[in-house]
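# What shape does this take:
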Amino acid sequence: MIINTNPGASMAARILGESSSALQKSLSRLSSGSKIASPSDDAAGTAVAMKFTAQINRTQAARDNVGNAIAFSQTQDGFLDKIGSALDRMSELAMLAQDETKTNQDRTLYEKEFDKLDNYIASMRGKNFNGVSLFNAASSLTVTVGADGTSTSIAAVNLAGSGDFIGTLNAAYTSVANTASAAAALTHVTNAISMLAQHRADVGANMSRLEAESSTLSVLKDNLSSARSRIADVDVAQESANFARQQILVQSGTAMLAQANVLPQSALRLIG
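Residues are numbered from 1 along each chain as shown. Below is the predicted model:
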């Protein structure tokens, strides 16, 4: 029996320290919801989770880019739809102006509305979306659709092009003030309607492609989030059981340390 050294107490203190440390980690995991309370808990998992987090954020940014591009295309289509309505009315006016039962004075009244509608269509060239021109792009637009910087091109709508329908209307038609000019105007307007139909088809195809990309990015983000969760997020049920176990070990270790500290006192009986 010895007094200076108490191996039992030393061992109990060491085990109690380990149990207390494990209890603190378990408490940290439960309070934060993270399985990795410290990089030392899972060094490789920390690195992988960090890369997943960055990729998830980039994927969301790409999805936001695609969403803005969809809004851009929807705005284009909204204006093109209104232009289509104006062209429909202009073609109707050109037909009415060819009625032989009307005088040129009557046709002058048609021409006033025809001119206003043509000016309205021409003004569409200046429309923009957040400072970006909607209808003056000379080449396709590039949209980033991937977390790695992958991009896709969407067809541009150039209403100012020399071969486009605004150029056709402004350069070719004269008026609907008489039957001959009304017939010529009708030809140009119907050609413009065909060109507009092509533009709307391009914009519709752009929206379809972008919506598919947005859906793909949403699925990718969900899968990446699930993968990261399996690495970094704590299983509350499992960790709660571990927390209870560590609590019992700490309480038991504390009691045993107290008992180990009492044992050397038995030597006093031999001395006494």
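
# what about the residue nearest to the spatial centre of the chain, distance to Glu211?
Per CA atoms, centre = their mean, the C-alpha nearest to the average position across the chain is that of Arg63, at 2.5 Å. Using CB to CB, to the nearest Å, Arg63 is found at 12 Å from Glu211. Yep, even glycine has a C-beta here, placed from its N, CA and C like the rest.

# And Asp88, by the same measure?
Using CB to CB, we find Asp88 at a distance of 28 Å from Glu211.

# again, but for Val48
In terms of CB to CB, Val48 sits 32 Å off from Glu211.

# Likewise for Gln74?
Look at Gln74 and Glu211: by CB to CB, they are 10 Å apart.

# just Lys221 next, same as before
On the measure of CB to CB, Lys221 and Glu211 end up 16 Å apart.

# who has more neighbours, those two?
Between Lys221 and Glu211, counted using other CB atoms under 10 Å, Lys221 has the larger neighbour count: 19 against 14.

# Which secondary structure element is home to the more buried one?
helix 179-232 (DSSP states H and E).

# Tell me the gap between that helix and the middle of its chain.
Distance of helix 179-232 from the chain centroid (CA atoms, centre = their mean, to the nearest Å) equals 17 Å.

# ok, which stretches of the stretch 51-200 of the chain are strands?
Here the stretch 51-200 of the chain has its strands, by DSSP state E, counting those that start in this stretch, at 128-129, 132-133, 141-144, 151-154.

# Quick one: closest of those to Thr254.
Taking CB to CB, strand 141-144 is the member of those nearest to Thr254, at 58.8 Å.

# Walk me through which strands that closest one pairs with, and which way each runs.
The strands that strand 141-144 pairs with in its sheet are strand 151-154 (antiparallel) (by DSSP bridges).

# Just the C-alphas of the partner strand, formatted as PDB.
Provided in PDB are the C-alpha atoms of strand 151-154 (Å, rounded to 0.1, in the frame of the first residue of the first chain):
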ATOM      1  CA  SER A 151     -21.900  28.400 -71.000                       C
ATOM      2  CA  THR A 152     -24.500  28.200 -73.800                       C
ATOM      3  CA  SER A 153     -25.500  30.600 -76.500                       C
ATOM      4  CA  ILE A 154     -29.000  31.900 -77.100                       C
END
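
# what's it in contact with?
Outside strand 151-154, the residues within contact range by CB atoms under 8 Å, 6 or more residues apart in numbering are Ala69, Ser73, Ser140, Leu141, Thr142, Val143, Thr144, Val145, Asn206, Arg209, Leu210, Glu213.
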